[in-house]
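Peer 1: Could you look at this predicted model? Sequence included:
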Amino acid sequence: MNLKDLNPPQREAVKCIDRPCLVLAGAGSGKTGVITRKIAWLIEHGFAAQHVFAVTFTNKAAREMKQRVARLLGGKTTRGLRISTFHSLGQRILLQEAHSLGYRRGFSIMDARDVETCLAELAHRGVEDAAYAKQAMYQISHWKNDFIDPATALAAADTPLLETQARLYSEYQQHLLACNSMDFDDLIMLPVTIFRRNPAILNRWQDRVRYLLVDEYQDTNTSQYEMIKLLCGLRQKLTVVGDDDQSIYAWRGARPENLQRLQQDFPAMEIIKLEQNYRSTSRILEAANQLIANNHHLYQKKLWSASGPGDLIRVFPCKNAEDEANRAVVDILSKRFQENTPCRDFAILYRSNFQSRNYEKALRDHSIPYQITGGNAFFDRREIKDIMAYLRLLTNPVDDQALLRIINVPRREIGATTIKSLATWAGSRKRSLDSVMQELGLLESLNNRARIRLKGFSDLIDELRHHAQHEDAMTLCKILIQRLDYADWLEETCSSGKQAEAAMENVMELVSWIGNLQKEREDQSLDAIVSHLSLMSILENDADEQQQDAVQLMTIHAAKGLEFENVYLVGFEEDSLPHHQSQDADSIEEERRLAYVGITRAASSLSLSYAKTRQKFGELLQCEASRFLYELPESDLEGAEHTTSKLSEDERHQRGLDTFADLKALLGSAD
């Protein structure tokens, strides 16, 4: 196999097969090419394909690696080659070895919803206590990722809550074994348990895994590291590829310190750095290097590029969140028409999913196609669907789907039997569910408790319809949210206060949107506004998921591994990036790594923006630019307040409006 197209460190990484190898692969340095070339090199140099195992974190990455290896080897056999996710490998081990732990053939793997229900029942909380079950599920998952068994968790518990959760953990594991079931985390923890308890089984698997390659090593948790170490054994035929500067999943159990453990457990390890970047301009890389240099490092590296300096990094200080979104959209429009840039070459990256809503609205308003990755579109969010279902039912009493969605939102304990009786009664009379809820014949067929609860729901809908006749749409929406105690419902059902807060912000955004529609539309009736919003929802949901030419919206986490010509890194401010819940030293370092990942997604153009004020629960808050902005090289920035021209803020804003007006005129002439 010819390696002449690889640079010297890449060739060295491919050829290093006689000792453990750590490849520190910087962003855009061609790591996937290196790991796939190495798999092919191993097979060409005497390793049977069935004894070469490679693991990564996503099915997509595993498929891509398989395809590349097949192309590299041409007609040569790759039969038996194992390229999979960690969890797929764990499942394969368990299919053959789980009996040693007392499991029977045909075990089941439970999804998150199954786990929540199981934990709620074991805790005698009932499925209605979703928040408790979610919290317990996350804690147990954390223990499993750190390879902590129930007894150890109980011994280390230092609060009553942790002690209760540890006891639940023990009962849960016993229940899983009795039901011949496992959860997702067991697919890693249980194989490690088997290997530790059964040397004969471990020896058998070590004989199968003659060479192990690990992609995205910085994202491994403790259990995954233990699996790697045990499978390699004394042979120590191992290559791991990763980048400590892109370790951004500590909240998911990843342990960046696993890099240090490698050096201790594999003392003969060769360390190879891939520092040439094939993606970004020198200015973008210099900014990334200077930013990440503020973190502590076990290994030092510095990205460089032969692509030339490129454009300055632009910084947009904006008046508020809406101004920030419009600035990005205006800039996209400008590039589209001045440079004929396709939409797919633009990406808007943010810290948290809820930040997308202003950009969705701005892009929709200006008919720019977009695609959301790694998060729900605005109308797909649970809280928006809830409020929209109420509004739909108020304007359209025959909308049975809307009624069924919200009959127990918030929870009214209207059971499945009652709902079935309601549906049967309505079906027999060929009428809508809403129209028969108060009928005497139906109510008399129910027991007293069911009758009271169903009538309470019906009375609420009648009350809201009365308000709808006398109030405008925005006021009605506020009354609805208050009448439902919807904020309390979110607190009760969301997995964290942070999630509930974000969901409520989405609800208030919907209220604000309705208020704007009232001002903009000639027909201000509730019917017209709900119809307009429903159409927007349908258009959003019917968008082709495979659409190629669309602006990409995603969190920075979701963008890892991707690249775009033009990147807008938005919400670049304190309490957003870094997040307000990440203020201790370790968390700040992870937030800095997250900013580094966002910056290094950009190939040609990078824009950073922040808002000076933001609305939060009706209160106008003052915002500050992210501390990370001041860690970037000032000479590579354009537009930051300490480098901008002396135009006033109003003058800069007016200049932006004038640019947008010119673009609209250009659009009009094109038609």
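Peer 2: Good, I have the coordinates.
Peer 1: alpha carbons only for contacts and neighbour counts from here, please
Peer 2: Fine.
Peer 1: who are the neighbours in contact with Ile248?
Peer 2: Asp219, Ala254, His557, Glu590, Glu591, Arg593, Leu594 (Cα atoms under 8 Å, 6 or more residues apart in numbering).
Peer 1: so what's Asp146 closest to, chain neighbours aside?
Peer 2: Leaving out its chain neighbours, the residue that sits closest to Asp146 by Cα to Cα, 6 or more residues apart in numbering is Thr222, at 4.8 Å.
Peer 1: Can you get me a residue count around the one you found?
Peer 2: 22 (other Cα atoms under 10 Å).
Peer 1: where's it relative to Leu259, distance?
Peer 2: From Thr222 over to Leu259 the distance is 11 Å, taken as Cα to Cα, to the nearest Å.
Peer 1: likewise Glu444?
Peer 2: Taking Cα to Cα, one finds Glu444 at 69 Å from Leu259.
Peer 1: Out of the two, name the residue with the larger neighbour count.
Peer 2: In this view Glu444 and Leu259 are compared by other Cα under 10 Å, and Leu259 has more residues nearby, 21 against 10.
Peer 1: following the strand or helix carrying that one, which helix or strand shows up next?
Peer 2: Here Leu259 sits within helix 258-265, counting by DSSP states H and E. Per DSSP H and E, the first helix or strand lying C-terminal to helix 258-265 is strand 270-274.
Peer 1: Return the distance of that next one from the chain's centre.
Peer 2: With Cα atoms, centre = their mean, to the nearest Å as the basis, strand 270-274 stands 30 Å off its chain's centre.
Peer 1: List the buried residues for that strand?
Peer 2: Glu270, Ile272, Lys273, Leu274 (16 or more other Cα atoms under 10 Å).
Peer 1: which other residues reach that strand?
Peer 2: Residues outside strand 270-274 that contact it (Cα under 8 Å, 6+ apart) are 9-10, 12-13, 19-26, 29, 31, 301.
Peer 1: now do stretch 226-236
Peer 2: Residues outside stretch 226-236 that contact it (Cα under 8 Å, 6+ apart) are 19-20, 188, 191-192, 195, 202, 205-206, 209-212, 238, 266.
Peer 1: Identify, from the residues you listed, the entry nearest to Leu73.
Peer 2: Tyr211 (17.7 Å; Cα to Cα).
Peer 1: wait, what's in contact with the closest one?
Peer 2: For Tyr211, the contact set (Cα under 8 Å, 6+ apart) comprises His51, Val52, Phe53, Cys232, Lys237, Leu238.
Peer 1: Out of those, which end up buried?
Peer 2: For the contacts of Tyr211, a burial check counting by 16+ other Cα under 10 Å picks out His51, Val52, Phe53, Cys232, Lys237, Leu238.
Peer 1: Dump the residues you listed to a markdown table, plus distance to Gln338.
Peer 2: Shown next, in a markdown table, are the buried ones among the contacts of Tyr211 (distance: Cα to Cα, whole Å):
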| residue | distance to Gln338 |
| --- | --- |
| His51 | 54 |
| Val52 | 50 |
| Phe53 | 49 |
| Cys232 | 55 |
| Lys237 | 53 |
| Leu238 | 50 |
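Peer 1: Take those and keep only those in strands.
Peer 2: Within the buried ones among the contacts of Tyr211, residues falling in strands by DSSP state E are Val52, Phe53, Leu238.
Peer 1: Check which residues of the longest strand along the chain are buried.
Peer 2: The residue-count maximum for a strand in the chain (DSSP E) belongs to strand 602-611. Neighbour counts using 16+ other Cα under 10 Å place Ala602, Ala603, Ser604, Ser605, Leu606, Ser607, Leu608, Ser609, Tyr610, Ala611 of strand 602-611 among the buried residues.
Peer 1: so where is the stretch 1-150 of the chain shaky, pLDDT-wise?
Peer 2: Counting by pLDDT under 70, the ranges of the stretch 1-150 of the chain that qualify are 75-76, 106, 125-130.
Peer 1: can you rerun that using 90?
Peer 2: For the stretch 1-150 of the chain, the stretches flagged by pLDDT under 90 are 1-4, 32, 44-46, 49, 56-82, 84-88, 91-92, 95-96, 98, 102-135.
Peer 1: ok, Arg255 touching Tyr217?
Peer 2: No: using Cα atoms under 8 Å, Arg255 is not in contact with Tyr217; the gap is 9.5 Å.
Peer 1: Please say which of those two ends up with more neighbours.
Peer 2: The neighbour comparison of Arg255 against Tyr217 (other Cα under 10 Å) goes to Tyr217, with 28 against 23.
Peer 1: Next, count neighbours for Cys179.
Peer 2: Neighbours of Cys179 (other Cα under 10 Å): 13.
Peer 1: got a list of what it touches?
Peer 2: Not one residue lies near Cys179 by Cα under 8 Å, 6+ apart.
Peer 1: what's the distance between it and His470?
Peer 2: Counting by Cα to Cα, the gap from Cys179 to His470 is 56 Å.
Peer 1: just Asn221 next, same as before
Peer 2: For Asn221, the distance to His470 - Cα to Cα - is 58 Å.
Peer 1: more crowded one of the two?
Peer 2: The neighbour count for Asn221 versus His470, taken as other Cα under 10 Å, is higher for Asn221 (24 against 10).
Peer 1: Can you tell me, leaving aside adjacent residues, what's nearest to that one?
Peer 2: Per Cα to Cα, 6+ apart, closest to Asn221 is Ala254, 4.3 Å.
Peer 1: residue contacts, the one you found?
Peer 2: Ala254 neighbours (Cα under 8 Å, 6+ apart): Gln218, Asp219, Thr220, Asn221, Thr222, Ser247, Ile248.
Peer 1: Low-confidence regions, the stretch 401-550 of the chain specifically.
Peer 2: Looking at the stretch 401-550 of the chain by pLDDT under 90, you get 401-406, 408, 411-424, 426-436, 438-446, 492-503, 505-506, 509-549.
Peer 1: wait, Val436 sits on Gly427?
Peer 2: No: taking contacts as Cα under 8 Å, Val436 lies outside contact range of Gly427: 10.0 Å.
Peer 1: Could you pull out the strands in the stretch 151-300 of the chain for me?
Peer 2: With strands called from DSSP state E, counting those that start in this stretch, the stretch 151-300 of the chain shows them at 181-183, 211-214, 238-242, 270-274.
Peer 1: One more: the stretch 351-500 of the chain?
Peer 2: Under the criterion DSSP E, counting those that start in this stretch, the stretch 351-500 of the chain contains strands at 370-373.
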